[in-house]
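Sequence plus predicted model, see below.
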Amino acid sequence: MSEIKKVIEDNITVYHVEDDGVIQEFITYKEAKEFVSYTQNPKSYIDNWNKANDLKAWQHGTLVNTNAINKLSLKELNKINDMLTKAGY
């Protein structure tokens, strides 16, 4: 597993990940974590990214994307239902 190292340079915090001997630098921990996730399992990362893009159809609550719905597990659908219920939909 790639290690994310927090580094402070000139009072600015950055995050380093070594990738095949090359240090990749990220401004946020989230960016570094996403990079590590991608390098460890690119297919899974891309599948999740595609699923997230499909779900953007729900952004304004006006579109229903059956392709996105079909990719979700029952647990994910229940989580979305809970969020929509709490939001008053």
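Done, it's in.

Moving along the chain from the strand ranked longest in the chain, name the first helix or strand you hit.
Counting residues, the longest strand in the chain under DSSP state E turns out to be strand 12-19. Sequence-wise, the next helix or strand downstream of strand 12-19 (DSSP states H and E) is strand 22-26.

got the angle between that following strand and strand 12-19?
Taking axes from the mean of the first three to the mean of the last three CA atoms, to 10 degrees, one finds strand 22-26 and strand 12-19 inclined to each other by 140 degrees.

For strand 22-26, which strands pair with it and how are they oriented?
The strands beside strand 22-26 in its sheet (DSSP bridges) come out as strand 12-19 (antiparallel).

Rounded mean pLDDT for the partner strand, please.
Averaged across strand 12-19, pLDDT comes to 94.

rewinding a little: buried stuff in the longest strand of the chain?
Neighbour-count burial for strand 12-19, with 16 or more other CB atoms under 10 Å as criterion, is recorded at 14-17. In short, each C-beta sits where N, CA and C put it, glycine included.

tell me which element residue 83 is part of?
helix 74-86.

Break this protein into its domains for me.
The chain breaks down into these domains under automatic domain parsing: 1-40, 42-89.

Return the distance of stretch 19-31 from the chain's centre.
16 Å (CA atoms, centre = their mean, to the nearest Å).

Show me what counts as buried in that stretch.
So for stretch 19-31, counting by 16+ other CB under 10 Å, buried means 24, 26, 31.

Without its sequence neighbours, what residue ends up closest to the first one?
Yep, that's residue 24 we're talking about. Leaving aside its chain neighbours, residue 24 sits nearest to residue 17 (4.8 Å; criterion: CB to CB, 6 or more residues apart in numbering).

Which neighbouring elements make contact with the helix holding residue 83?
Contacts defined by 3 or more CB pairs under 8 Å, 6 or more residues apart in numbering; DSSP states H and E place helix 74-86 against no helix or strand at all.

what residue ranges in the chain are flagged as low confidence?
Along the chain, the model assigns pLDDT under 70 to residues 1, 53-65, 89.
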